[in-house]
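Asks: can't give you the sequence, but here's the structure:
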């Protein structure tokens, strides 16, 4: 009873908002409907689930949805970001430790595995988990038991585990950075969360959702998105996904001077063309898109000019007179451009 009371007290603050105010998943795109159907099916089981997707797509929200749709909904949902904890402390954070386990361990520490007993444990960025801890996690999945740091007693673990990553775990397995047996154990039911740029008009649905949320939070009722702002939101690539959109809308509401939020008020970076849509070799893969229009176009023009000079000189067997004629410039101008591009030799 004391252990149960301690566990509930530790979780009260973190659990209150999620247990009594479960955030809904906003979206009508076919890809999100498909993910929602998969979640409803897996929630009815205790199977370990692997959530895949880019950073910022809301993987924890989907893990929370699985928990609230499952038979464990009345119990704890405990989240641990494996990338946010120093490697030497991951085991202690996950499994806890016994009193006297190491210098300074004056009392027993309850780990996340303990806190999630009979509930759900969400391990975000599972690819960052050290190999030694991966082996212990595999034991929990297979035997439903674990030991605290410095302990000798095996403890039952009635925990439903959901993991997530934005990394290619198969590649990490090949590079010996992730255990193959653990990968096969957690990837029974992989679910890929689509990036925001592939969700069509869901961008506007989410934008209005966040607009209403922050309007209430900052006591600024009646705010709406102007047409140019809506167009700007729709045509942006959203490399930071839903997290970036949420931050954008929060900033827009805070800085809003009137009722209508215009495109410039969003303070969004310039849209960067997708490299896949550009002609092959037109720009380098890591082209710098930051800066003013003049700065960006200047860099792009310099790259294209260098490529054209190099190709033309190669075709003309580095005969400068013939190359100058083909390019429609004087030999003197050609020589200056070759020097500037580092192609003089």
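Replies: Yep, it's here. Bear in mind the structure is a predicted one, so any value in this text is a computation, not a measurement.

Asks: can you map out the helices along the stretch 151-300 of the chain?
Replies: Taking DSSP state H, counting those that start in this stretch, the helices of the stretch 151-300 of the chain run over residues 169-174, 180-186, 202-217, 227-235, 241-255, 293-315.

Asks: Summarise which helices and strands the fifth one is packed against.
Replies: Right, helix 241-255. Identification of packing neighbours for helix 241-255 by 3 or more C-beta pairs under 8 Å, 6 or more residues apart in numbering; DSSP states H and E yields helix 202-217, helix 227-235. Backbone N, C-alpha and C define where each C-beta goes, glycine included.

Asks: all strands for the chain, in order.
Replies: Assigned by DSSP state E, the strands in the chain fall at 49-52, 77-81, 96-97, 109-110, 120-124, 145-146, 155-156, 160-165, 189-192, 224-225, 260-261.

Asks: Indicate which one of these is closest to residue 174.
Replies: Nearest to residue 174 among these is strand 160-165 (15.3 Å), distances taken as C-beta to C-beta.

Asks: Partner strands of the closest one and their direction?
Replies: Strands that pair with strand 160-165, judged by DSSP bridges, come out as strand 49-52 (parallel), strand 120-124 (parallel).

Asks: doesn't residue 37 make contact with residue 65?
Replies: No - in this structure, residue 65 is not within contact of residue 37 by C-beta atoms under 8 Å, at 11.9 Å.

Asks: Tell me which of these two has more neighbours.
Replies: residue 65 (20 against 10; other C-beta atoms under 10 Å).

Asks: per-residue confidence for residue 235?
Replies: Looking at residue 235, its pLDDT stands at 87.

Asks: Count the neighbours of it for me.
Replies: 10.

Asks: Check the gap between it and residue 289 for me.
Replies: Distance of residue 235 to residue 289, given as C-beta to C-beta, to the nearest Å: 15 Å.

Asks: What of residue 310?
Replies: Applying C-beta to C-beta, the value for residue 310 to residue 289 is 23 Å.

Asks: center of this structure, which residue is that?
Replies: Among the residues of the chain, the one closest to the centroid is residue 55, at 0.6 Å (C-alpha atoms, centre = their mean).

Asks: so where's the chain uncertain?
Replies: Filtered on pLDDT under 70, the chain yields the residue ranges 1-24, 270-286, 291-292, 345.

Asks: so what are the domain limits for it?
Replies: 1-194, 197-261, 274-344 (the TED database).

Asks: Just put these in a markdown table and tack on distance to residue 267.
Replies: Output for the domains of the chain, formatted as a markdown table (distance: least, C-beta to C-beta, whole Å):
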| stretch | distance to residue 267 |
| --- | --- |
| domain 1-194 | 18 |
| domain 197-261 | 6 |
| domain 274-344 | 15 |
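
Asks: Go through these and name the closest to residue 268.
Replies: domain 197-261 (6.0 Å).

Asks: Between the two ends of that closest one, what distance do you get?
Replies: The first residue of domain 197-261 is 22 Å away from its last residue (C-alpha to C-alpha, to the nearest Å).

Asks: One more: stretch 222-237?
Replies: End-to-end distance for stretch 222-237, by C-alpha to C-alpha: 28 Å.

Asks: picking that back up, may I see the strands of the chain organised as a markdown table, with distance to residue 321 and mean neighbour count added?
Replies: Listed next are the strands of the chain as a markdown table, based on distance: least, C-beta to C-beta, whole Å; neighbours: other C-beta atoms under 10 Å:
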| stretch | distance to residue 321 | mean neighbour count |
| --- | --- | --- |
| strand 49-52 | 58 | 22 |
| strand 77-81 | 64 | 21 |
| strand 96-97 | 79 | 22 |
| strand 109-110 | 79 | 18 |
| strand 120-124 | 63 | 24 |
| strand 145-146 | 78 | 16 |
| strand 155-156 | 84 | 14 |
| strand 160-165 | 58 | 25 |
| strand 189-192 | 57 | 15 |
| strand 224-225 | 59 | 17 |
| strand 260-261 | 59 | 19 |
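
Asks: closest one to residue 199 among those?
Replies: Across the strands of the chain, closest to residue 199 is strand 189-192 (C-beta to C-beta), at 12.7 Å.

Asks: I'd assumed residue 243 was in contact with the residue nearest to the centre of the chain.
Replies: Yes - here residue 55 reaches residue 243: they are 7.5 Å apart, a contact under C-beta under 8 Å.

Asks: May I have the residues that are in contact with residue 185?
Replies: 48, 138, 141, 142 (C-beta atoms under 8 Å, 6 or more residues apart in numbering).

Asks: If we use 7 Å, what do you get?
Replies: 48, 138, 141 (C-beta atoms under 7 Å, 6 or more residues apart in numbering).

Asks: Relative to residue 135, how far out is the last one?
Replies: Relative to residue 135, residue 141 is positioned 11 Å away (C-beta to C-beta).

Asks: With adjacent residues omitted, what lies nearest to residue 188?
Replies: Computed as C-beta to C-beta, 6 or more residues apart in numbering, the closest residue to residue 188 that is not its neighbour in sequence is residue 47, at 5.8 Å.
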